[in-house]
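Visitor: Below is the sequence, then the predicted model.
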Amino acid sequence: MPVPENLLRLALLGAVVVGLAAIFRGVASAPRRRLSRSVALYCLYALLLALAGVGRRFGQESLAQYLLFAADLVALFLVINLAALTIFDLVLRKLRLGFPDILHDLTVGAAYAVALFWSMHRWGFDLTSIVATSAVVTAVIGLSLQSTLGNVIGGLALQVDDSIREGDWVELENKQQGQVKKVRWRHTVIETRDSDTLVVPNGQLLGQTIKVLGRREGRPTQHRMWVHFNVDHRFTPGEVMRTVQEALTAAPIPGVSTNPPPDIVCLDLAREHRDSFCYYAVRYHLLDLARDDPTSSLVRERIYAALQRAQIPLALPAQTVFVNHEDEKASRKREKLVEAMRSALRGVDLFAQLSAEELDRLADSAKPAPFVRGEVVTRQGAKANWLYVLTRGEVEVMVANSDGIDRHVAVLTAPSFFGEMALVTGAPREATVIARVDSECLRVDKDDFREVLARRPELAQEISETLAQRRVELTSARENLDADSRSRRVQSERKRILEAIRDFFGMD
């Protein structure tokens, strides 16, 4: 071909390469490897043209012709690459039409083969002998590279039928789980949960049953998980399952699906006729498949806290023997716990009028109530006749407005208390309280407090005075009441609360 025509083609192809590079500049998902290949082909084309010109200048016409043939072939390859960039990486991505990388590679490879034969025919090569020779060579290569070709065909099948996608979490037959990072021609790259990388030949991958985790037709990606625990036979399955179910659904758990919500089942009453406990399991659907163990840990925290609040211990082996010094140690631990309870109750102004004996009695009956971060302690509008004394941690107080939207009211930090009106009057909860961190509370129930009032009924008046003062102080801060208004409000509020206490506890 005339040199000026080659120079014109060189300038035109250079402009296209520069234009595509400018279009893809700054794009996060830019096909940089394919752009680099196009730049390399363009440089090779320019080099071959230059060498052909040098050969002609020094009278090497035959060498120049071979170099021009090579330059012509490289130019065709460059045009194919630029066309593939425009179609696959510009037009199809703009239309949001996804395609596997192997489809791009197959298309470009087939176009290379057509370009090679067309260019050889154009330059007068004998294609008959070349085809015959290439058939023999292909047969030899096919026999020697049978395994490799099987892997290549496997990679083609995986990407074309879309059975395994990049980003899928899979489980192999050896129970190894991991995320598919790349499906290549010969192998598939899988990153395991242990931060290792598996390079699995595609032929081997297709020869086994693969579980794609969390994928169901028409449903979001979420994988069902199991968390097992055991409780002995002193507690009925219904009581255990109800306690845990309420804790799991009272407030969302990060990473756990609410549709379907977590549930609990009793798997067995005993196994091998020797166990002295029931087997339970919580089933939940995992939203982020990469965070399986951390999410199961959060579920276990919620289970443990719920069982602790309900005074339901986890099962111990039936053959466990408790010796005397362990009993003494447990007794000392119980004494320390009661003393801590007594100290916490002294800090509640509601119980300021109680004697030391009455505080001891209340401390003996108070129940530890741990809550994990994010768990609902009380819910607005619920009826629960007990008070919480916050001994460790902090909680957030939320009140729902008329539109049902929760509004932040306050943060209570230990030592503090809440729910006093529910304890002494049975009034519904006035706010929702949520644990901001892992927190510990003491729960004082109505029946336990009833015994204290029965022994000293005059406490009702003193308690109503304390509660009235506290409620009017809050109202005064909002409404800017003067001293006389506050005094009148305290008297009316005290009378109302006293009547509610007497009515709630059945006092004359």
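Guide: That came through fine.
Visitor: which residues of the stretch 301-450 of the chain fall in strands?
Guide: With DSSP state E, counting those that start in this stretch, the ranges of strands along the stretch 301-450 of the chain come out as 367-371, 376-378, 386-392, 394-400, 406-413, 416-418, 432-435, 439-445.
Visitor: Give me the neighbour count for Ser163.
Guide: 13 (other C-beta atoms under 10 Å). All C-beta spots, glycine's among them, are computed from the backbone N, C-alpha and C.
Visitor: Going forward, the N-terminal residue is numbered 5.
Guide: All right, first residue 5 from here; so that's Ser167.
Visitor: where's it, which helix or strand?
Guide: For Ser167, there is no helix or strand it lies in under DSSP states H and E.
Visitor: Next, work out how far apart it and Tyr283 are.
Guide: According to C-beta to C-beta, to the nearest Å, Ser167 and Tyr283 sit 36 Å apart.
Visitor: do the same with Ala255
Guide: 26 Å.
Visitor: Domain map for this structure?
Guide: When the chain is parsed with automatic domain parsing, its domains come out as 7-129, 166-217, 227-313, 328-460.
Visitor: Dump the ones you listed into JSON lines; add mean pLDDT and distance to Gln473 as well.
Guide: Converted to JSON lines, those look like this (pLDDT from 0 to 100; distance: least, C-beta to C-beta, whole Å):
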{"stretch": "domain 7-129", "mean pLDDT": "80", "distance to Gln473": "62"}
{"stretch": "domain 166-217", "mean pLDDT": "86", "distance to Gln473": "58"}
{"stretch": "domain 227-313", "mean pLDDT": "91", "distance to Gln473": "31"}
{"stretch": "domain 328-460", "mean pLDDT": "82", "distance to Gln473": "9"}
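Visitor: Those: which one's closest to Ile501?
Guide: domain 328-460 (6.5 Å; C-beta to C-beta).
Visitor: so how far is that closest one off the chain centroid?
Guide: 32 Å (C-alpha atoms, centre = their mean, to the nearest Å).
Visitor: Likewise for stretch 214-227?
Guide: 15 Å.
Visitor: And it, end to end?
Guide: 15 Å (C-alpha to C-alpha, to the nearest Å).
Visitor: and if you look at stretch 196-216?
Guide: End-to-end span of stretch 196-216 (C-alpha to C-alpha): 14 Å.
Visitor: could you point out the longest helix in this structure?
Guide: Criterion DSSP state H: the longest helix present in the chain is helix 36-61.
Visitor: hey, where'd the helices end up in the stretch 255-404 of the chain?
Guide: Assigned by DSSP state H, counting those that start in this stretch, the stretch 255-404 of the chain shows helices spanning 296-313, 328-350, 360-369.
Visitor: Can you add distance to Leu72 and give these back as a markdown table?
Guide: As requested, the helices of the stretch 255-404 of the chain are exported to a markdown table (distance: least, C-beta to C-beta, whole Å):
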| stretch | distance to Leu72 |
| --- | --- |
| helix 296-313 | 61 |
| helix 328-350 | 94 |
| helix 360-369 | 100 |
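Visitor: CSV for those helices, including mean neighbour count and distance to Asp109?
Guide: Shown next, in CSV, are the helices of the stretch 255-404 of the chain (neighbours: other C-beta atoms under 10 Å; distance: least, C-beta to C-beta, whole Å):
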stretch, mean neighbour count, distance to Asp109
helix 296-313, 18, 34
helix 328-350, 13, 69
helix 360-369, 16, 75
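Visitor: Can you say which of the strands of the stretch 305-454 of the chain is nearest to Asp353?
Guide: Closest to Asp353 of the strands of the stretch 305-454 of the chain is strand 420-422 (C-beta to C-beta; 8.6 Å).
Visitor: Give me the residues contacting the closest one.
Guide: 352, 354, 382, 391-394, 399, 401, 416, 435, 437 (C-beta atoms under 8 Å, 6 or more residues apart in numbering).
Visitor: pretty sure Leu14 is touching Leu53, no?
Guide: Yes. Counting by C-beta atoms under 8 Å, Leu14 does reach Leu53; the two are 6.3 Å apart.
Visitor: Which one's more surrounded, these two?
Guide: Neighbours per residue (other C-beta under 10 Å) separate Leu14 from Leu53, with Leu53 holding more: 22 against 17.
Visitor: pretty sure that one contacts Asp76?
Guide: No. Counting by C-beta under 8 Å, Leu53 stays clear of Asp76, with 9.7 Å between them.
Visitor: what about Glu243, which helix or strand?
Guide: Using DSSP H and E, Glu243 maps to helix 241-254.
Visitor: buried residues in that helix?
Guide: Within helix 241-254, the residues that count as buried by 16 or more other C-beta atoms under 10 Å are 244-245, 247-249, 251-252, 254.
Visitor: ok, back up a step: run the chain-centre distance for the longest helix of the chain.
Guide: Counting by C-alpha atoms, centre = their mean, helix 36-61 comes out at 50 Å from the chain centroid.
Visitor: Follow the chain on from that helix and name the next helix or strand.
Guide: Beyond helix 36-61 toward the C-terminal end (DSSP H and E), the next one is helix 65-88.
Visitor: from the chain's centre, how far out does the helix or strand following that next one sit?
Guide: Next in sequence after helix 65-88, counting helices and strands by DSSP H and E, comes helix 97-98. Helix 97-98 has its C-alpha centroid displaced from the chain centroid by 29 Å (C-alpha atoms, centre = their mean).
Visitor: how about the nearest residue to Phe92, chain neighbours excluded?
Guide: His108 (5.0 Å; C-beta to C-beta, 6 or more residues apart in numbering).
Visitor: Tell me which other helices or strands the one helix or strand the one you found maps to touches.
Guide: Using DSSP H and E, the element containing His108 is helix 105-126. Applying 3 or more C-beta pairs under 8 Å, 6 or more residues apart in numbering; DSSP states H and E, one finds that helix 105-126 contacts helix 65-88, helix 131-148, helix 150-165.
Visitor: hang on, Pro461 packs against Phe509?
Guide: No. If you go by C-beta under 8 Å, Pro461 and Phe509 don't touch, sitting 9.1 Å apart.
Visitor: So for the two, which residue has more residues nearby?
Guide: Phe509 (17 against 12).
Visitor: Let me know the distance separating that one from Arg475.
Guide: From Phe509 over to Arg475 the distance is 19 Å, taken as C-beta to C-beta.
Visitor: for Phe422, same thing?
Guide: Taking C-beta to C-beta, one finds Phe422 at 13 Å from Arg475.
Visitor: Give me the neighbour count for the closest residue in space to Pro241 that isn't next to it in sequence.
Guide: Nearest non-adjacent residue to Pro241, counting by C-beta to C-beta, 6+ apart: Cys270, 4.4 Å away. Cys270 sits with 15 neighbouring residues when counted by other C-beta under 10 Å.
Visitor: what sits against Cys270?
Guide: Counting by C-beta under 8 Å, 6+ apart, Cys270 touches 241, 244-245, 282-284.
Visitor: Out of these, give me the two with the largest separation.
Guide: Using C-beta to C-beta, these span at most 12.2 Å, a distance reached by Met245 and Tyr283.
Visitor: on contacts alone, who are the packing partners of the longest helix of the chain?
Guide: On a contact count with 3+ C-beta pairs under 8 Å, 6+ apart, helix 36-61 meets helix 7-28, helix 65-88.
Visitor: Pipe those into JSON lines and attach distance to Leu320 per row.
Guide: Listed next are these as JSON lines, based on distance: least, C-beta to C-beta, whole Å:
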{"stretch": "helix 7-28", "distance to Leu320": "65"}
{"stretch": "helix 65-88", "distance to Leu320": "67"}
